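> Following is a predicted model, sequence given first.
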Amino acid sequence: MNSLPSDYYSVFGIAPTLALDLPELQRQFYVLSKQFHPDRFARASAAEQQYALDFTSLLNDAWRVLRDPVSRAEYLLKQQGLEPGDSRTNPPPPELLEEVFELNMALEELRAGDGDARGPIAEALDRFLAMRDQLDRDREALFVRYDDQRDAATLGDLRALLNRRRYIENLVRDAQQALS
Amino acid sequence: MSVLQIDFGDDSPSSPPRVVGIDLGTTNSLVAYLDLTAPKVIPGADGSPLVPSIVHFPASGEPVVGAAAQQALLTDPHNTVYSAKRLMGRGAADVAGELSLLPFSLAAGSESVIRLAVGGREVTPPEVGAYVLRQLKQNAEAVLGEPVTQAVITVPAYFNDAQRQATKDAGRIAGLEVLRLVNEPTAAALAYGLDKRQNGTIAVYDFGGGTFDISILKLQEGLFEVLATNGDTHLGGDDIDNLLLRVALEDIASEWGRDLSSDNEAIQRLRRAVIDAKHELSTLPATTIAFDYDGREYRRHLPREVFDKLITPIIDRTLGPCRSCLADAGLTPEQIDEVVLVGGSTRIPLVRQAVRALFKAEPHTELNPDEVVALGAAVQAGILSGEVEDQLLLDVTPLSLGIETMGGVVSKLILRNSTIPASATEQFTTAVDGQRNVLIHVLQGERELAKDCRSLARFDLKDIDPVMAGMARIEVRFLIDANGILNVSAKDLRTGKEQSVEIKPSYGLTDEQVEAMILESFDKAEEDFKERQVRETRVEADRVLAAVEKAKQSDAWFELPASEQAGIDQALNELLLSYHGDDYVLIQSKMEALDHASRGLAETMMNSAVRGALKGTKIE
């Protein structure tokens, strides 16, 4: 019996790059699913059934993580021994301090029943969304740079960017929840 | 064609057992199989494929299932269980609200598994389900002429782990190896996809007797990929019945000055009357609820507009899950190519109207909404048996899976709508020097706090090597299999050894309890099957004996050499001798022997028949 692939990239038999051809990856996901899904082994030996189950769960986990650029980058960082920072304990990025303070004030006012606070929250939300878009563009550039140079410095930059993005993502979520 | 030729069917031991597809419904259940390439539902003795999911437990004697038990709902409501699916995988506290409307009562100790006190005994919902499954198994065996031991059983997509496990337990108790649990809307898509075979995005709106599901799938070259699913396992036609029942009871209370709400027989009769009215309103603009009881008459005119107004809140409850499902799939209603309706409640015009308005598309209703899930289950059975090779289901888990961490907060490990099988690993350590056990509380649900999620089980990591606090490294793997059921395994990373895990399910039966129920029913089921086989073989033998006796009166008999006549007589006697025994295999082999011995007789008869025919024909 074959041993299981050791990581998400080798499930697909591809090199561990940050930029990926998603349509091709999806095609490969379907091909492998058709080949290894437990439904194809219902009449097989117990060992084969177990392998089909283990391989397919790994395949599904791999596809789920790799298809999303952010979770893919986090996965690769973790593989390289760079755990992401904990967004709950990390201090807000200094340049965001003022923004965060103002948002929290507005959220507080809205909770207290001040409907006028919706305007500033919506404006803040737009700014955060724009920041997120910019970060995603920067991330794409870092992906290309890392795939080219495969250097620790780029990974460090990427880790910092993802922490910042996670922080903004939380702000977006809070603002959207307050407005909905 | 020989008059004596007997088709014994193909019972070569090498052919793998057939897998049937079963829809174990709240109101009705069905069994289907794959005939060549088309799925077919299997009718029962009464000719109908629908077996009402009702079991009557008389004070003495064997339980009665299906249409035969329906009558007992009126005559012996305390001992007649219906809608047991709503109780699957639940505890007494979960069903307190609706129990007031059910005629049967709970036994003590129903906290983690409901125990119904009926017919002087206690039964759990999986056992009730097992009675229904056994009936379906028998219906299938009667039609297919072979033992049925493997099945695909469908469950509501939104069923949690305990409800799935309870369904699987029901199968095991009924003597069925459950090869796969398939989500009902997915099965329906499979049944529709089989003859359509196009690519596109479809929504399946499944509104049954007791549950509601919505699933959105992407169809692509035989691959049925579920993008998202949502639902409510406590929302169905039953709720409409209960609503109408309440209205009628209030009416009667004011008209007759009499409260019937604790009169079980009256309630069951009235329930029948409001269900009949509901059914009629699917095709008629107005109807009358007619109820005669105790020499009194109740008549209530019910136009469809009034009915629609009454049930609007119930129908509206299906729309929230639909919107969430669309959002989870990342789609707008306009991006749905096809909408498929499943479940008896989708016959209600208001339901169709609501679906049409939400998805802006004309829903498909070509397949019988009562049968489509069973048909799809049969297709999935064909996929598992290898008969269907060009299709595959990729389903998802409906609920997020997590573990309780400090402060009662849930840490999510596998998110809802993840394609299954799916897994997650997590490392655990000890907090105290020499600690031997770690308890992991696993939950299902979307909320942040453990108290708001559904407790699945507590997993006890036992016999951990006693080391200093924080030094133990136990890796726990959570795996949701293709049935949507959680499997947990653990490894001690320091020693590389498998770590023993004791499972304490929060709801449902333990493995030992299920085993005991299987043992109890196994002998009986085996006996039942044998008895039926013997009876059926005798019927076959009667036919053969009659044919041979008739042949012996023909001219052909007297043309046979004496040795052949003696051979036939001997085979005939041997069949007669085996006939009253209970060894159906022996009867069958004696029938075969007689068939073989009488081949010459059959040929002679054929020839004289041909000669006779030629004699009467003028040859130019």
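Cool, got the structure. Numbering: from 1, shown residues only, chains lettered A, B, ... in the order given.

> residue ranges with poor pLDDT in the stretch 451-600 of chain B?
Within the stretch 451-600 of chain B, the ranges that satisfy pLDDT under 70 run B:521-529.

> With chain B instead?
Where chain B drops to pLDDT under 70, the residues are B:1-15, B:100-101, B:194-197, B:521-529, B:609-620.

> Return the residues of it in contact with chain A.
Within chain B, the residues that sit near chain A (C-beta under 8 Å from any C-beta of the partner chain) are B:16, B:179-180, B:220-221, B:223, B:380, B:383-386, B:392-394, B:418-424, B:479-482. C-beta here means a position set from N, CA and C on the backbone, and glycine is covered the same way.

> In helices, which of these fall?
Among those, the members found in helices (DSSP state H) are B:380, B:383, B:384, B:385.

> Quick check: chain neighbours aside, which residue is closest to the second one?
The one in question is residue B:383. Closest residue in space to residue B:383, ignoring its immediate chain neighbours: residue A:39 at 5.3 Å, by C-beta to C-beta, 6 or more residues apart in numbering or on different chains.

> so how far is residue B:386 from the one you found?
As judged by C-beta to C-beta, to the nearest Å, residue A:39 and residue B:386 stand 10 Å apart.

> ok, those two, which is more surrounded?
Neighbours per residue (other C-beta atoms under 10 Å in any protein chain shown) separate residue A:39 from residue B:386, with residue A:39 holding more: 23 against 15.

> doesn't residue B:190 make contact with the residue nearest to residue B:383?
No: using C-beta atoms under 8 Å, residue A:39 is not in contact with residue B:190, being 11.5 Å away.

> Show me whatever sits in contact with both of these two.
Residues touching both residue A:39 and residue B:190 (C-beta atoms under 8 Å, 6 or more residues apart in numbering or on different chains): B:380, B:393.

> Name the nearest residue to residue B:458, sequence neighbours excluded.
residue B:504 is the one closest to residue B:458 (C-beta to C-beta, 6+ apart), at 4.6 Å.

> Tell me the buried residues in the least confident helix or strand in chain A by mean pLDDT?
Least confident helix or strand, chain A: helix A:97-111 with a mean of 83, by mean pLDDT, DSSP states H and E. For helix A:97-111, a neighbour-count test (16 or more other C-beta atoms under 10 Å in any protein chain shown) marks A:99, A:100, A:103, A:106, A:107, A:109, A:110 as buried.

> quick one, strands of the stretch 251-400 of chain B?
All strands of the stretch 251-400 of chain B, identified by DSSP state E, counting those that start in this stretch, fall at B:286-293, B:296-303, B:338-342, B:392-394.

> Residue 34: neighbour count?
If you meant another chain, say so; for now it's chain A. 18.

> oops, I was thinking of chain B
By the measure other C-beta under 10 Å, the count of residues near residue B:34 is 24.

> Just to be sure, it is in a strand?
Yes: secondary structure of residue B:34 (DSSP: H, G, I helix; E, B strand; the rest coil): part of a strand.

> Surely it touches residue B:387?
Yes: with contacts counted by C-beta under 8 Å, residue B:34 reaches residue B:387, the gap being 5.8 Å.

> what's the single longest helix in the chain?
Defaulting to chain A. Secondary structure of chain A per DSSP H: the longest helix is helix A:118-149.

> sorry, should have said chain B
Of all the segments of type helix in chain B, defined by DSSP H, the longest one is helix B:511-552.

> next helix or strand past that helix?
helix B:555-559 (DSSP states H and E).

> now for that following helix, which elements pack on it?
helix B:599-615 (3 or more C-beta pairs under 8 Å, 6 or more residues apart in numbering or on different chains; DSSP states H and E).

> Quick one: end-to-end distance for stretch A:75-95.
Length of stretch A:75-95, first residue to last, C-alpha to C-alpha, to the nearest Å: 27 Å.

> Format the buried residues of helix A:97-111 as CSV; extra columns: distance to chain B.
Listed next are those as CSV, based on distance: C-beta to the nearest C-beta, whole Å:
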residue, distance to chain B
A:99, 25
A:100, 22
A:103, 21
A:106, 23
A:107, 18
A:109, 24
A:110, 21
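
> ok so, going back, against which helices or strands is the longest helix of chain A packed?
By 3+ C-beta pairs under 8 Å, 6+ apart, helix A:118-149 packs against helix A:69-79, helix A:97-111, helix A:152-179.

> Now residue B:215: closest residue in space, sequence neighbours ignored.
Residue B:215 sits nearest to residue B:185 (C-beta to C-beta, 6+ apart), 3.8 Å away.

> what's around the one you found, how many residues?
Applying other C-beta under 10 Å, we find 32 residues neighbouring residue B:185.
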